[in-house]
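Participant: sequence first, predicted model second:
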Amino acid sequence: MAGTELPWVFTDRLEEAGIAYMIVGAFATLAFGAARTTDDIDLVLALGVGAVAKFEKAFPEAEFYRPPRGPLLEEIARAERGHFNLMYLPSMDRADCYLVGRADELQLWALKNRRRVQLGDQQCWVAPPEAVILKKLEFFREGESQKHVRDIRAILQLIDVDRAFIEAHVERLGLRAQWALCQPSA
């Protein structure tokens, strides 16, 4: 990790501003008990136009790189796959921020079913493991990075997941080949 601030420098401010979030990606894998290193945190935010001023106040330009308002509003306007980066300048810790959007039913479900977990000495909101697995399957299909396969296998070994839920979305999203590669016997 780049500095010692992750993930709290981001999650604490989001909570104080009343902006719903959930940790996804490698930090979510860590929260489920897997050994994993990462240089950044991935967050899904429920950030609408009405919360932009609160967001900007929570992440002041003197301490954070954040996108200017215009590009931020463009990302918020996307139905799905809105994305931007935040960087805490004193430590150079980075957050990849994905917006929940209006069209991604899995992200909407995940935000409604996020879990409050203990991570280190603090609590934070983490996406359900089923959503983390399904998103990692999508990213594996797009980039073929083996880190996603390792993360999925680790989650499957460490915790019970709703396999019926995953299977239904695997079919809907066309992820059968990727899911097969993540099974222990593959």
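Facilitator: Cool, the structure landed. Bear in mind the structure is a predicted one, so any value in this text is a computation, not a measurement.
Participant: which residues in this structure form helices?
Facilitator: Residue ranges of the helices in the chain, as given by DSSP state H, are 8-17, 25-31, 52-58, 69-77, 105-112, 129-143, 146-158, 163-173, 176-181.
Participant: confidence-wise, which helix or strand of the protein is lowest on average?
Facilitator: Across the helices and strands of the chain, the lowest-confidence element by mean pLDDT, DSSP states H and E is helix 25-31, at a mean of 86.
Participant: mind putting the helices of the chain in TSV, mean neighbour count and distance to residue 83 included?
Facilitator: Where you see a C-beta, it was placed from the backbone N, CA and C, and this is true even at glycine. As requested, those are arranged in TSV below (neighbours: other CB atoms under 10 Å; distance: least, CB to CB, whole Å):
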stretch	mean neighbour count	distance to residue 83
helix 8-17	19	15
helix 25-31	25	13
helix 52-58	16	15
helix 69-77	14	6
helix 105-112	18	12
helix 129-143	21	12
helix 146-158	18	17
helix 163-173	14	19
helix 176-181	15	21
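Participant: mean pLDDT lowest where, among those?
Facilitator: In terms of average pLDDT, helix 25-31 trails the rest of the helices of the chain, at a mean of 86.
Participant: ok, residues contacting that helix?
Facilitator: Residues from elsewhere that reach helix 25-31, judged by CB atoms under 8 Å, 6 or more residues apart in numbering: 6-7, 22-23, 36-38, 41-42, 96, 117, 119, 124, 126-127, 129, 132, 136, 147, 151, 154-155.
Participant: returning to what we had before: just the CA trace of the least confident helix or strand of the chain, in PDB.
Facilitator: Coordinates of each C-alpha in helix 25-31 appear next as PDB, following Å, rounded to 0.1, in the frame of the first residue of the first chain:
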ATOM      1  CA  GLY A  25     -11.800  -5.300  -5.400                       C
ATOM      2  CA  ALA A  26      -8.600  -6.300  -3.500                       C
ATOM      3  CA  PHE A  27      -9.600  -4.600  -0.200                       C
ATOM      4  CA  ALA A  28     -12.900  -6.500  -0.300                       C
ATOM      5  CA  THR A  29     -10.900  -9.700  -0.800                       C
ATOM      6  CA  LEU A  30      -8.900  -8.700   2.300                       C
ATOM      7  CA  ALA A  31     -12.000  -8.100   4.300                       C
END
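Participant: quick one: residues contacting the residue nearest in space to the middle of the chain.
Facilitator: For the chain, the residue whose C-alpha lies nearest the mean C-alpha position (CA atoms, centre = their mean) is residue 24; its distance is 2.6 Å. If a contact means CB under 8 Å, 6+ apart, then residue 24 has 42, 43, 44, 98, 110, 126, 127, 131, 132, 135 as its contacts.
Participant: just residue 127 next, same as before
Facilitator: 22, 23, 24, 28, 44, 110, 111, 114, 115, 135.
Participant: now it: how far from residue 43?
Facilitator: In this view, residue 127 and residue 43 are 10 Å apart by CB to CB, to the nearest Å.
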